[in-house]
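Asker: Task: produce atomic coordinates for the following.
(3 chains)
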Amino acid sequence: MVKQLRKQETRVLTGNACSAYAVRMCRPDVVALYPITPQSEIVEQLTRFKADGLLEAEMIEVEGENSAMNSITAASTAGARVYTATASYGLAFMYDAMMQTSGYRVPVVMTNVNREIPGIHAVSTSQQDLISVRDIGWLQLIVEDDQEIVDVTIQSFRLAEDYDIQLPLMLNYDGYYVSYSAEAVKLPMMEDVDEFLSVLKKGPQRMTLVPGKPLGTAHGMLEVYTELRYKHLAAMERAKAKFDQIDQEYGDMFGRYYGGQIEEYRTDDADIILVTSGSATGTAKTVVDVLREQGMKAGVVKIRMYRPFPRERLSKALKGRKAIGVLDRSVHFGWNCGPMYQEVRALTPEIGNVPMMSFIDGIANLDITRQHIERMFKDIYSASLGNEYQETTWITLEE
Amino acid sequence: MAVKKKKLSYPYESCWSDADQLLLYMETGTWRTSRPKLDKEKCTYCGICAMYCPPQCMKDKGDHFEPNLEFCKGCGICVKECPRKAIVMVPEE
Amino acid sequence: MKEIRIHGRGGQGAVTAARMLASAFVIEGKYVASFPMYGFERRGAPVQAFTRMDDKPIREKTQVYEPDCMVVIDPTLLKLSTLFSGLKPEGILVVNSPKFDTQVDKNLKVAGVIDATKIAVEEIGRDIPNTCLCGAFAATTQWVQLDSIIKALSEYLSGDMLERNIRSVERGYREVKVIKWQ
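Answerer: Numbering: from 1, shown residues only, chains lettered A, B, ... in the order given. The predicted structure is shown next:
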């Protein structure tokens, strides 16, 4: 690949429009879509592209998300590049189909626009929906803003369809805050995206259903299942380095590197770190800049790849600090804290027994403000000095 | 480890609560751009407008009905359904 | 960085106005971030839209709590006592109203008053005052050129609707009455 920055076009687009524009450039073969707030604009825009002759995919107009996932899984098994998008209730509706997709090792790219899960019917954002499907074998990425949506959507096809990976991938971003947010983004040219994805055509090709060449599956061969699970996990492990590599290659072509599995912001000499993901990260970076000016050695680590969990890189980034906080935009039903906090806490053997704190904020469109994040850093700093601290802080429920 | 006091202001354990006020809770009257005007001479107290009103905010006045302007969103369904054409929509100032 | 908070009701084009301003700023080489916050997504319900503009990339993804400028599309919202909360000192207001002359908040120093509803009905044929207010915004704040707003409009409208809205923008720009207080 030529190491020379490619020409790009600047447009003002919403997050959802960015998904649609990026997907169009990747030339999917089959797209099945069902609208749901806060993702509906993706459906509208992709359908508009098709109607205008700008997208040559076969569009399957499904009656629900369960069919959407089943249709694209089948199409991908036949070798198609596929795409769908959903949120919350739609994600729940396609749950059994999603397990098929990952169990059959079928590459699929899906945008999940984060919204509260069923149960309290809050039509608003949180990360609870992506948390609720953590353990079904999908790759999960989380992005922060509109430009990252464009770039990582394109990278998602590279990652999911890679011969060494072959796994379904869920790309997450906050509903409302990112999905409806309009920013100026740089859009790559379609021929450069073609070139970026053309790597997939080289080397060994995955097994697909082709008329005249039947494939079998290991149904009923129970003794094989353990090995299949082992291989599935191994593929997820491989996705870590692969994602770092794809980020590097993309950056070489288009000028934007994001750090791969995690992004580290002013962490070199940081004593205290806040681990974040999604849109709150931007606000956290702004707060860090202010704190640094005041002499506090604060930093932010952003989780970009959540499944598989970026264990090695996170350990390296969090080792040797005085205190760590983790901001969750969701809850961990079972550990009475935030879910990402609980997973970071599991890294204690690698990073040392330092104060670690869970911060729960941003549930149901509650704004994660600068003041909230300043309070979080204040609490982490206090803990770093050896003061008593609270393990789980519900920011909006406390003075 | 310390646990700070929480300020919990919602009086119920779960999302369920009494609905003795039926559907009238938020000040949705400020949302409308036109309001129903009921001519009580034409009203025959049939109650169809009250039945069809989505948030059930038609006030029973004994011999006629009146929209509850604190909650009425100005949807105009009562106008469509009234068999006596006793209701018209007029713009809000 | 300049922070703008737009207040309207569902169906008046508050969200589109926020985006049009964002597009106009981008045309002039600025960085922007613009997003809406709905309560209930329906006609008539209050809507806020936020637009941030800066010479460097904008990373915050929060609502605007301390606007430098407020745009009020629906004059009935002026009744809300909390409407002006957070307005920065030297605050600017652009308001759709046939008559407005009181300094309703001590931080309010400049007000651009325009009967955008009347102009919209005359030029577009419908009560969609958002584009007229964008023109008034340009004239009142001087943060963006009229030409940039007109160019931005073509990203959202076309044909006859575009022409009508351009006229609405131009009238907003020319006819806005700017009041200043100490």
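
Asker: C-alpha from now on. contacts and neighbour counts both.
Answerer: OK.

Asker: would you list every one of the helices in the chain?
Answerer: With no chain named, the answer covers chain A. A:15-25, A:40-51, A:65-77, A:88-93, A:95-103, A:128-132, A:146-160, A:190-198, A:222-254, A:280-293, A:311-318, A:339-345, A:348-351, A:370-384 (DSSP state H).

Asker: please go with chain C instead
Answerer: Read by DSSP H, chain C holds these helices, from start to end of the chain: C:14-27, C:116-123, C:130-141, C:146-153, C:159-175.

Asker: Now tabulate these in a markdown table and tack on distance to C:D54.
Answerer: Conversion of the helices of chain C to a markdown table gives the following (distance: least, Cα to Cα, whole Å):
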| stretch | distance to C:D54 |
| --- | --- |
| helix C:14-27 | 9 |
| helix C:116-123 | 27 |
| helix C:130-141 | 15 |
| helix C:146-153 | 16 |
| helix C:159-175 | 23 |
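
Asker: For C:Q12, give me phi and psi.
Answerer: The phi and psi torsions at C:Q12 (degrees, to the nearest 10) take the values phi -100, psi 0.

Asker: Identify the residue nearest residue 8 in space, chain neighbours excluded?
Answerer: Let's take chain A. With Cα to Cα, 6 or more residues apart in numbering or on different chains as the criterion, A:Q8 has its nearest non-adjacent residue at 4.6 Å, and that residue is A:P188.

Asker: wait, chain B
Answerer: A:L397 (6.6 Å).

Asker: quick one: low-confidence parts of the chain?
Answerer: Picked chain A for this. A:1-3 (pLDDT under 70).

Asker: nope, chain B please
Answerer: Across chain B, the stretches falling below the confidence threshold (pLDDT under 70) are B:1, B:20-23, B:93.

Asker: Quick check: residues of the stretch 101-250 of chain A near chain B?
Answerer: A:I120 (Cα under 8 Å from any Cα of the partner chain).

Asker: Please point out which parts of stretch A:10-18 sit buried.
Answerer: A:11-18 (16 or more other Cα atoms under 10 Å in any protein chain shown).

Asker: Pick out whichever of the residues you listed sits closest to chain B.
Answerer: A:T14 (27.0 Å; Cα to the nearest Cα).

Asker: Give me the distance between the residue most central in space within chain B and chain A.
Answerer: Compute the mean C-alpha point of chain B, and by Cα atoms, centre = their mean the closest residue is B:C57, 3.0 Å away. Note on B:C57: its distance to chain A, by Cα to the nearest Cα, to the nearest Å, is 24 Å.

Asker: quick one: contacts for that residue?
Answerer: B:24, B:50, B:67-68, B:71-72 (Cα atoms under 8 Å, 6 or more residues apart in numbering or on different chains).

Asker: what about B:T28, how many residues close to it?
Answerer: B:T28 has 16 neighbours, counted by other Cα atoms under 10 Å in any protein chain shown.

Asker: Surely it is in contact with B:G74?
Answerer: No - counting by Cα atoms under 8 Å, B:G74 is not a contact partner of B:T28; they are 9.5 Å apart.

Asker: What parts of chain B come near chain C?
Answerer: Within chain B, the positions adjacent to chain C are B:28, B:31-33 by Cα under 8 Å from any Cα.

Asker: can you give me the helices in chain B?
Answerer: For chain B, applying DSSP H gives helices covering B:48-52, B:77-81.

Asker: would you turn those helices into a markdown table with mean neighbour count?
Answerer: Formatted as a markdown table, the entries for those read as follows, by neighbours: other Cα atoms under 10 Å in any protein chain shown:
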| stretch | mean neighbour count |
| --- | --- |
| helix B:48-52 | 18 |
| helix B:77-81 | 18 |
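
Asker: could I get the ones you listed as TSV with distance to B:S17?
Answerer: Rendered in TSV, the data for the helices of chain B read as follows (distance: least, Cα to Cα, whole Å):
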stretch	distance to B:S17
helix B:48-52	24
helix B:77-81	28
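
Asker: Which one of those lies nearest to A:R48?
Answerer: Evaluated with Cα to Cα, the helices of chain B place helix B:77-81 nearest to A:R48, the distance being 33.6 Å.

Asker: Now do the residue of chain C found nearest chain B against A:N172, distance only.
Answerer: Residue nearest to chain B within chain C: C:G44 (4.5 Å; Cα to the nearest Cα). Distance check for C:G44 against A:N172: by Cα to Cα, to the nearest Å, it reads 31 Å.

Asker: Mind checking which of the two has more residues around it?
Answerer: In this view C:G44 and A:N172 are compared by other Cα under 10 Å, and A:N172 has more residues nearby, 29 against 21.

Asker: Run through the bridge partners of that one.
Answerer: Here A:N172 shows beta-bridge partners A:N112, A:I142, assigned using DSSP bridges.

Asker: Does it touch A:V109 like I think?
Answerer: No - between A:N172 and A:V109 there is no contact under Cα under 8 Å: 10.9 Å.

Asker: residues touching the residue of chain B found nearest chain C, list them.
Answerer: With Cα to the nearest Cα, the shortest gap between chain B and chain C falls at B:W31, namely 4.5 Å. Neighbouring residues of B:W31 by Cα under 8 Å, 6+ apart: B:73, C:9, C:43-46.

Asker: go again using 6 Å as the cut-off
Answerer: For B:W31, the contact set (Cα atoms under 6 Å, 6 or more residues apart in numbering or on different chains) comprises B:73, C:44-45.

Asker: so which of those residues comes closest to chain A?
Answerer: Proximity of those to chain A, judged by Cα to the nearest Cα, is greatest for C:A45, which lies at 15.4 Å.

Asker: Just confirm that closest one contacts C:G10, I think it does.
Answerer: Yes - taking contact to mean Cα atoms under 6 Å, the distance of 5.3 Å between C:A45 and C:G10 places them in contact.

Asker: Could you tell me which residues of the stretch 201-350 of chain A lie near chain C?
Answerer: On the criterion Cα under 6 Å from any Cα of the partner chain, chain C has as its neighbours in the stretch 201-350 of chain A the residues A:279, A:282-283.

Asker: cutoff 8 Å now
Answerer: Those residues of the stretch 201-350 of chain A that sit near chain C, judged by Cα under 8 Å from any Cα, are A:279-280, A:282-286.
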